[in-house]
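In: model the structure of this input:
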Amino acid sequence: MKYSILYHPDIRSDIKSIPKQTIAKIISVIEEKLVENPILYGKPLKYSLKGLLKVRFGDYRIVYKIFEEEKKVLILIIRHRKDIYKKLSSRN
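Out: Numbering: from 1, shown residues only. Model (predicted):
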C-alpha cells in the first residue's frame, strides 16, 4: 500500500531558495521513493530529532516523519545541508 504525502506549510519558503531543476528532482524522489517505502530510503535522526528521518539529495536534505497507521508521510523541511538542522529545530 502506498503512502500519501503531506507537506508542512513552511515548505513553500524552503523551495524558494532551491534552484528549479533541483526542486523538480527532489519532488521526483519524494513521489517515487517515499510514496513506496519511506522507511527503506530514510536514515533515522538522533537525539532531539529522534522519530524523524532524512533523505539526502546532493547537498540537500529532506526531513520527514512517518505516520504508519495512517500510511502518511509528512515532509517537514527541505533545505541545504549547511542550515537544515538549525532551521528544523526552530520549526519544532
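
In: this structure: strands as residue ranges?
Out: For the chain, applying DSSP state E gives strands covering 4-7, 43-44, 53-57, 60-67, 72-80.

In: burial count for S48?
Out: Residues lying near S48 (other Cβ atoms under 10 Å) number 11. C-beta coordinates here come from the backbone N, C-alpha and C atoms, glycine included.

In: next one: it from K82, what distance?
Out: 19 Å (Cβ to Cβ, to the nearest Å).

In: one more: I5?
Out: 25 Å.

In: which of those two has more neighbours?
Out: In this view I5 and K82 are compared by other Cβ under 10 Å, and I5 has more residues nearby, 16 against 9.

In: list the beta-bridge partners for the more buried one.
Out: I5 forms beta bridges with V73, as assigned by DSSP bridges.

In: would JSON lines of the strands of the chain with mean pLDDT and distance to I15 be doable?
Out: JSON lines is the format used below for these (pLDDT from 0 to 100; distance: least, Cβ to Cβ, whole Å):
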{"stretch": "strand 4-7", "mean pLDDT": "96", "distance to I15": "10"}
{"stretch": "strand 43-44", "mean pLDDT": "96", "distance to I15": "22"}
{"stretch": "strand 53-57", "mean pLDDT": "94", "distance to I15": "13"}
{"stretch": "strand 60-67", "mean pLDDT": "95", "distance to I15": "10"}
{"stretch": "strand 72-80", "mean pLDDT": "94", "distance to I15": "6"}
